[in-house]
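Colleague: Sequence and computational prediction follow.
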Amino acid sequence: MRAVSKITLGLALLLGPALYGQDEGRIMRPTDFSAHVAGEIDIVAKAPAGKLELDGKAIEAEEPFPNVYHATVAPSAGEHTLAIVWESGRKEVRFFVGENAPEHYKPFQQHPPVPGVQCTQCHGISSRGRFRFKGGCFDCHQKEQETFVQIHTHPEHTFVECGTCHNAHGSTAAKHLIYPKEIMCKLCHN
Ligand code: HEC
Ligand code: HEC
Ligand code: HEC
Ligand code: HEC
């Protein structure tokens, strides 16, 4: 476990750009192949001058930070495709609304699971004008908690980037991990 091979790290960079936040367009929420109960679906995405499309139709979004989009939709039951489109690219996620989701859709758990949490709880604009994650997790979670300490043994620089392993907007994996734990660890460790 201790040794992190350069090759594995390289592979992780190639296969999991979402892990490192380096791609231009991203949909943070909902996640690909997530299943949702009927009602409102909250969308979080980014792209340079991006446009959101639900099932091919443009949807209105607010832009709380430059090139960062937030929208709420209430689509009918069934399968849907959400896309973020920008000049040189496009990203899509598929999601399902309602009961009896096909097996490849997994229940989505939104995070934080409490209403009214603002984006600014965790985000701000850096002195160079870039949208960034600024922390804020420990307003609600306890760093000192025993299980927390046991799980989070990583060096400080890996550890502080909570978004390397967790999708703080919600996930279909346990503990809001981006991928299930078995896959997650192997992205950097043999
Ligand atoms: C509980 C904390 C938390 C809240 C609340 C939150 N985010 Fe995030 N967000 C994160 C973390 C952690 C990341 C991962 C950082 C990264 O990958 O660069 C992230 C990443 C993002 C990204 C991708 C950034 C990038 O450079 O690729 C976008 C876009 C985003 N958040 C938008 C939002 C919006 C819009 C809201 C409000 C609707 C919001 N977030 C609320 C924690 C949060
Ligand atoms: C506004 C409060 C709030 C903030 C801020 C917040 N969380 Fe949470 N989080 C919760 C609540 C409430 C739960 C569900 C109860 C629990 O398990 O602690 C939860 C659950 C979780 C879980 C799953 C815990 C479990 O046992 O299943 C993870 C992982 C998590 N949060 C990570 C984060 C990360 C990473 C951040 C910062 C990017 C963050 N949280 C910020 C309130 C918050
Ligand atoms: C290297 C990957 C990684 C990073 C980085 C990471 N976590 Fe985690 N975290 C995990 C894993 C894996 C689990 C769940 C372990 C399990 O299910 O056994 C977890 C569990 C949690 C839980 C639930 C704790 C519990 O008692 O069950 C919380 C809350 C949490 N993380 C918050 C955070 C916060 C906040 C950050 C950033 C300051 C962070 N994590 C950074 C991998 C990571
Ligand atoms: C983003 C890449 C990344 C991910 C994902 C990741 N790790 Fe690590 N891990 C590291 C780095 C970097 C080190 C430090 C390597 C070193 O010191 O040689 C490390 C070190 C460790 C160590 C040794 C810690 C110590 O005290 O020296 C353990 C154990 C570990 N990781 C477990 C895990 C587990 C379990 C997971 C899955 C939840 C995981 N890692 C996911 C990058 C990662």
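Modeller: Perfect, I can see it now. Ligands and ions are numbered 1, 2, ... in the order given.

Colleague: What ranges in the chain fall below the confidence cut-off?
Modeller: The chain contains residues with pLDDT under 70 at 1-22.

Colleague: mind redoing it with 50?
Modeller: By pLDDT under 50, the low-scoring segments of the chain are 1-3, 5-7, 10-11, 13-22.

Colleague: residues from it in reach of ligand 1?
Modeller: Neighbours of ligand 1 within the chain, by C-beta under 6 Å from any ligand atom: 21, 26, 28, 44, 46, 64, 68, 70, 112, 117, 119, 121-123, 133, 136, 162-163, 168-169. In this view, the C-beta of every residue, glycine as well, is placed from N, C-alpha and C.

Colleague: show me which of those residues neighbour ligand 2.
Modeller: 112, 117, 121-122, 136, 162, 168.

Colleague: Of all pairs in these, which one is the farthest apart?
Modeller: Farthest apart among those by C-beta to C-beta are V117 and C162. That separation is 14.9 Å.

Colleague: out of these two, which sits in the more crowded spot?
Modeller: Applying other C-beta atoms under 10 Å to V117 and C162 shows that C162 carries more neighbours, namely 17 against 14.

Colleague: Am I right that that one is in contact with C137?
Modeller: Yes. Assessed by C-beta atoms under 8 Å, C162 is found in contact with C137 at 5.8 Å.

Colleague: okay, and the common contacts of the two?
Modeller: A168 (C-beta atoms under 8 Å, 6 or more residues apart in numbering).

Colleague: in which helix or strand would I find the residue nearest the centre of the chain?
Modeller: By C-alpha atoms, centre = their mean, the chain has its centre lying nearest to M28, at 3.5 Å. Element membership for M28 (DSSP states H and E) is strand 26-29.

Colleague: Output stretch 143-163 in PDB, but only the C-alpha positions, please.
Modeller: Written as PDB, here are the backbone C-alpha positions of stretch 143-163 (Å, rounded to 0.1, in the frame of the first residue of the first chain):
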ATOM      1  CA  LYS A 143     -11.800  15.700  12.600                       C
ATOM      2  CA  GLU A 144     -11.100  14.300  16.000                       C
ATOM      3  CA  GLN A 145     -13.600  11.500  15.700                       C
ATOM      4  CA  GLU A 146     -11.900   8.100  16.200                       C
ATOM      5  CA  THR A 147     -13.300   6.500  13.000                       C
ATOM      6  CA  PHE A 148     -12.400   9.600  11.000                       C
ATOM      7  CA  VAL A 149      -8.800   9.500  12.200                       C
ATOM      8  CA  GLN A 150      -8.500   5.700  11.400                       C
ATOM      9  CA  ILE A 151      -9.800   6.200   7.900                       C
ATOM     10  CA  HIS A 152      -7.900   9.300   7.000                       C
ATOM     11  CA  THR A 153      -4.200   8.400   7.300                       C
ATOM     12  CA  HIS A 154      -3.100  10.200   4.200                       C
ATOM     13  CA  PRO A 155      -0.400  12.800   4.100                       C
ATOM     14  CA  GLU A 156      -1.800  16.300   4.700                       C
ATOM     15  CA  HIS A 157      -1.600  17.400   1.000                       C
ATOM     16  CA  THR A 158      -3.600  14.400  -0.200                       C
ATOM     17  CA  PHE A 159      -6.000  14.600   2.800                       C
ATOM     18  CA  VAL A 160      -7.100  18.200   2.500                       C
ATOM     19  CA  GLU A 161      -8.300  17.700  -1.000                       C
ATOM     20  CA  CYS A 162     -11.500  16.000   0.200                       C
ATOM     21  CA  GLY A 163     -12.800  16.100  -3.400                       C
END
